[in-house]
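# what follows is a protein structure lacking sequence information:
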């Protein structure tokens with residue numbers, strides 16, 4: 001008798017050609033072997049990533065749904081380490097860091113440093129993109145998220161009205177509707193190729209900022225947090241102080257660039273690459289300005305109606 005499938009690995013993508021070359025070999029190399037792989041393409045399930053994940057989930061046979069992006073690949077013990085934790089009845093999901101692959105180019109590495117430093121991404125961003133101590137989390141991206149299928153079905157999966165941000169809504173429902181917990185653990189790690197600076201990185205930041213601004217209105221328990229809101233206030237603060245309080249403006253700007261410079265110097269020593277540091281120094285303020293603008297745009301946008 002064939003054993004019951006434990007993990008269903010679900011990968012949304014435009015076409016199978018878009019899978020990063022390391023992904024399928026890394027899945028094949030998993031230390032835990034009781035798994036299936038479901039690739040959901042535009043042709044099969046539509047362009048919306050939430051639709052693709054829901055479509056694949058309905059086809060899945062596994063007890064646990066392991067979501068990963070097409071431009072990422074898992075650590076060898078990704079599933080093995082997850083299984084040790086998922087047996088706990090109070091958990092709905094487990095997740096872990098999205099690390100920058102060592103073979104990413106300089107532009108991608110800079111983007112990775114932005115995502116994994118406090119000045120670049122705030123407290124939540126750091127543990128999402130860097131190995132930190134375990135903790136319970138109320139929100140986590142679906143690029144590295146493993147959910148119990150029974151709990152996924154109870155909340156009817158991903159809400160297709162939200163993208164990006166469908167994972168924020170899913171995690172919110174797991175925690176506040178089901179009253180269960182999501183556990184972040186540093187051993188559940190994947191390697192996630194970054195969008196290179198400048199344009200691809202900033203486009204991704206704009207989408208992230210827009211969805212976070214939108215969810216600040218509709219999901220305040222997980223999105224109305226200082227780490228998400230503060231960067232959005234940076235832009236209007238600069239404009240107001242420049243117009244009405246020039247001394248405060250110059251103090252703000254000088255302090256901001258001093259902190260950025262200190263982080264940059266530390267990064268140069270860590271990477272042993274001055275070019276990386278210079279690009280990082282330029283990318284940080286651009287990231288904050290783009291995030292802030294689109295956060296405010298999302299906040300003042302019309303709220304989509306849930307199905």
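Happy to help now that I have it. Since the model is a prediction, treat every value here as computed from it, not as a measurement. Numbering: from 1, shown residues only.
# what segments of the stretch 201-307 of the chain are helices?
Using DSSP state H, counting those that start in this stretch, the helices of the stretch 201-307 of the chain run over 220-223, 226-244, 246-271, 274-299.
# between the ones you listed, which one is closest to residue 116.
helix 246-271 (10.3 Å; CB to CB). Glycine gets a C-beta too; all of them are placed from N, C-alpha and C.
# give the contact list for the nearest residue to residue 19 once chain neighbours are set aside.
Distance criterion CB to CB, 6 or more residues apart in numbering; nearest residue to residue 19, sequence neighbours excluded, is residue 70 at 5.1 Å. With contact set as CB atoms under 8 Å, 6 or more residues apart in numbering, residue 70 has these partners: 11, 12, 13, 14, 18, 19, 20, 23.
# and if we set it to 7 Å?
Residue 70 sits next to 11, 12, 13, 18, 19, 20, 23 when contact means CB atoms under 7 Å, 6 or more residues apart in numbering.
# repeat for residue 213
232, 294, 295, 296, 297, 298, 299 are the contacts of residue 213 under CB under 7 Å, 6+ apart.
# if I look at it, how far off is residue 233?
11 Å (CB to CB, to the nearest Å).
# try residue 285
Counting by CB to CB, the gap from residue 285 to residue 233 is 15 Å.
# try residue 225
13 Å.
# how far away from the center of its chain is stretch 233-240?
What separates the centre of stretch 233-240 from the centre of its chain is 26 Å, taken as CA atoms, centre = their mean, to the nearest Å.
# could you measure the residue lying closest to residue 279 once chain neighbours are set aside against residue 11, distance?
Nearest non-adjacent residue to residue 279, counting by CB to CB, 6+ apart: residue 110, 4.6 Å away. The spacing between residue 110 and residue 11, counted by CB to CB, is 26 Å.
# please say which of the two ends up with more neighbours.
residue 110 (31 against 24; other CB atoms under 10 Å).
# so who does that one touch?
Counted by CB under 7 Å, 6+ apart, residue 110 has contacts 197, 276, 279, 280, 283.
# ok, residue 37 next?
9, 27.
# state the pLDDT value of it.
You'll see residue 37 listed with a pLDDT of 98.
# ok, then the element right after the one helix or strand it maps to?
Remark: residue 37 resides in strand 35-40, with elements defined by DSSP states H and E. Going down the chain from strand 35-40, the next helix or strand is helix 42-45, by DSSP H and E.
# buried stuff in whichever helix or strand comes after that following helix?
Counting by DSSP H and E, the next helix or strand C-terminal to helix 42-45 is helix 49-59. Applying a neighbour-count criterion of 16 or more other CB atoms under 10 Å, one finds 49, 50, 51, 52, 53, 54, 55, 56, 57 buried in helix 49-59.
# as JSON lines, those with distance to residue 133 would be great.
Below are these laid out as JSON lines (distance: CB to CB, whole Å):
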{"residue": "49", "distance to residue 133": "30"}
{"residue": "50", "distance to residue 133": "30"}
{"residue": "51", "distance to residue 133": "35"}
{"residue": "52", "distance to residue 133": "33"}
{"residue": "53", "distance to residue 133": "29"}
{"residue": "54", "distance to residue 133": "33"}
{"residue": "55", "distance to residue 133": "36"}
{"residue": "56", "distance to residue 133": "32"}
{"residue": "57", "distance to residue 133": "30"}
